[in-house]
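[1] build me a model from this:
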Amino acid sequence: MQSKNKTVVKSMDILNLFLHHSKLSFNEIVQYSGIPKTSVHRMVLSLEEMGLLAKNEEDSKYSLGLLFLQFGHLVAERLDIRQVALPVMHRLHQEVGEAVNLIVRDGSEAIYIEKLDTKQPVRLYTAIGRRTPLYAGACSRVILAFLPYMERERYIDETELKQIASGTIVDKGKLRQAIVESRENGYSVSYSELEDYTAALAAPVFNFKGEIVAGISIAGLDVNYREDKLESLAEKVKAAALEVSQKLGFIK
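    Below is the predicted model of the structure:
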């Protein structure tokens, strides 16, 4: 604590005011910060010169400078979603004991980019690098469900739904209904869609723009996903997905 530069700390106090206020006058900065007016004047001028604050000529109020926008984009672009998600996936894995998967979209498919194996004696085929169509399986479909409407509809119209396992949805009306339910509930669930006698439950991961960027799922034998267990499992998966989303800058 002793090594902190007081001027830098006070400058950060001023910048932090803009987390809750889009614009502030000079007097409002003085009032909210509690910093003497002469010090505020000196620091605001420096922050403005560095591009961290911008002054509106019409009302003389200050707002965050464009430099923050540039930094924000760089931070968002450089975040490794796998690195961000993995600690959350480990906690979810400890809670539910099922396989935990992280999937992202790659064109018309979803691809598994991280996985933690189930603690159950019977293991599922969910290898990193596995590809699945967006319409099949809970984790793939949760990505499809939260795409923009026109993009989603174009995909459904142009895609032939092929049977992969006994529960794969191959009717486009039923697929649309499953998507509606996913959007309403905030999660997707599937039974025997990619492999027989298996089930999965997935929730969406969003970026700082509110765009779907991934899905987190748990998967295991279908007997572990009966109706009486779904609500509890869904809340855990949704909480994990939301935590990853927030680490990516998403604001609910």
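[2] need the helices for the stretch 101-250 of the chain, in chain order.
    Ranges of helices in the stretch 101-250 of the chain, per DSSP state H, counting those that start in this stretch, are 138-145, 149-158, 172-185, 227-247.
[3] looking at the ones you listed, which is buried most?
    helix 138-145 (a mean of 28; mean count of other CB atoms under 10 Å). The way it works is simple: take the backbone N, C-alpha and C, and place the C-beta from them, glycine included.
[4] still on that earlier bit, closest one to residue 212 among the helices of the stretch 101-250 of the chain?
    Comparison of the helices of the stretch 101-250 of the chain against residue 212 by CB to CB identifies helix 138-145 as nearest, at 5.7 Å.
[5] by contact count, what packs against the closest one?
    Helix 138-145 sits against strand 99-106, strand 109-116, strand 131-133, helix 149-158, helix 172-185, strand 188-191, strand 198-206, strand 212-221, with contacts defined as 3 or more CB pairs under 8 Å, 6 or more residues apart in numbering; DSSP states H and E.
[6] what are the buried residues along the shortest one?
    Spelled out, it's strand 131-133. Of all the residues in strand 131-133, those buried under the rule 16 or more other CB atoms under 10 Å are 132, 133.
[7] that one pairs with which strands, parallel or anti?
    According to DSSP bridges, strand 131-133 forms sheet pairs with strand 109-116 (antiparallel).
[8] tell me what angle the partner strand forms with strand 212-221.
    Put simply, strand 109-116 runs at 60 degrees to strand 212-221, going by axes from the mean of the first three to the mean of the last three CA atoms, to 10 degrees.
[9] may I have strand 109-116 exported as PDB, CA atoms only?
    Output in PDB follows, covering the C-alpha atoms of strand 109-116 (Å, rounded to 0.1, in the frame of the first residue of the first chain):
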ATOM      1  CA  GLU A 109     -20.500 -26.400 -36.800                       C
ATOM      2  CA  ALA A 110     -19.500 -26.300 -33.100                       C
ATOM      3  CA  ILE A 111     -16.100 -27.500 -32.000                       C
ATOM      4  CA  TYR A 112     -15.000 -28.700 -28.500                       C
ATOM      5  CA  ILE A 113     -12.100 -26.600 -27.300                       C
ATOM      6  CA  GLU A 114     -11.900 -27.800 -23.700                       C
ATOM      7  CA  LYS A 115     -13.200 -30.700 -21.700                       C
ATOM      8  CA  LEU A 116     -13.100 -32.300 -18.200                       C
END
